[in-house]
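# structure of the sequence below:
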Amino acid sequence: MFEIVKNSKQQKAFQQTWEHICEKQDWYNDPYARNGVRYNLLHIERKVIFSKKKVIGTIEFLPYDPLNPQSTVEGPSKYEFSKLEKVKLHQDRTWEIDKLCLNEAYQRKGNFPLFIHIFYDHIQKHNPKYYIGLMEKKFFRMVRIIFGIGLEQPGDELCGSTTSLIPVIFHIEKLMEDKEKVEHFLRMVK
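Sure, this is the predicted structure:
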């Protein structure tokens, strides 16, 4: 289950979850984009009398703009997606993925596929051709196993002091054309 961040309470929960991961991983917490579409991944704790929603993960989608000085993927010491012909041709249908995290208590327990419904919702509402981003190396390997050929590494990894980041292009339109695979992914998380 998920929610689109639309109010200050949801934004606060998003920030607490994301900033906790940033602090733990010693990551830079870039600004929250005004035009970002943010989602909270939820875990529902069912009690006898009531249910409680707990934010266990986050993701932010940003319309790609190579001139955006706050871009998390484009610019000095990042990757130059703007030099790729396919990204130039379809800039209006390219989205950055940022602030993707899953609370450590829910990692390595088969919870990552829960993000599939978030991606599916975003795809239905915004019709992207590509998602681009910088992924931590271990995370990239896991995502590549799940999604396979739709995930491309267009350049060398970027090595930092605490982690290596892989530039990624996710050919989401191509993946969505394979209706059988899409149905498989959606069934994985029912």
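
# quick one: residue 120 is in a strand?
No - if the criterion is DSSP: H, G, I helix; E, B strand; the rest coil, then residue 120 is helix and not within a strand.

# what pairs with the host helix or strand of residue 43, and is each one parallel or antiparallel?
Assigned by DSSP states H and E, residue 43 falls within strand 37-46. Strand 37-46 pairs in its sheet with strand 2-4 (antiparallel), strand 51-63 (antiparallel), by DSSP bridges.

# after the longest one comes which helix or strand?
Read it as strand 51-63. Sequence-wise, the next helix or strand downstream of strand 51-63 (DSSP H and E) is helix 85-89.

# and that following helix, how far from the chain's centre?
With CA atoms, centre = their mean, to the nearest Å as the basis, the distance from the averaged C-alpha position of helix 85-89 to the chain average is 21 Å.

# can you pull the buried residues of the helix or strand that that helix is followed by?
Downstream of helix 85-89, the first helix or strand assigned by DSSP H and E is strand 94-102. Of the residues in strand 94-102, those buried by neighbour count under the rule 16 or more other CB atoms under 10 Å are 94, 95, 96, 97, 98, 99, 100, 101, 102. The way it works is simple: take the backbone N, C-alpha and C, and place the C-beta from them, glycine included.

# what does stretch 181-190 give?
Going by neighbour count (16+ other CB under 10 Å), the buried part of stretch 181-190 is residue 185.

# give me the pLDDT for residue 51.
Among the per-residue scores, residue 51 shows a pLDDT of 68.

# correction: the previous question concerned residue 13.
95.

# ok, of the strands paired with strand 37-46, where does mean pLDDT dip lowest?
The stretch with the lowest mean pLDDT among the strands paired with strand 37-46 is strand 51-63, which comes in at a mean of 89.

# of the buried residues of strand 94-102, closest to residue 86?
For those, the closest approach to residue 86 (CB to CB) belongs to residue 94, at 8.8 Å.

# isn't the closest one up against residue 126?
No - between residue 94 and residue 126 there is no contact under CB atoms under 8 Å: 10.7 Å.

# other SSEs contacting the top helix by length along the chain?
Among all segments of the chain classified by DSSP state H, the helix with the greatest residue count is helix 8-25. If contacts are counted by 3 or more CB pairs under 8 Å, 6 or more residues apart in numbering; DSSP states H and E, helix 8-25 sits against strand 37-46, strand 51-63, strand 94-102.

# can you list contacts of the shortest one?
Strand 94-102 is contacted by residues 14, 17-18, 21, 30, 33, 36, 38, 41, 56-64, 71-73, 81, 87, 111-112, 115, 122, 126, 128-133, 170 when judged by CB atoms under 8 Å, 6 or more residues apart in numbering.
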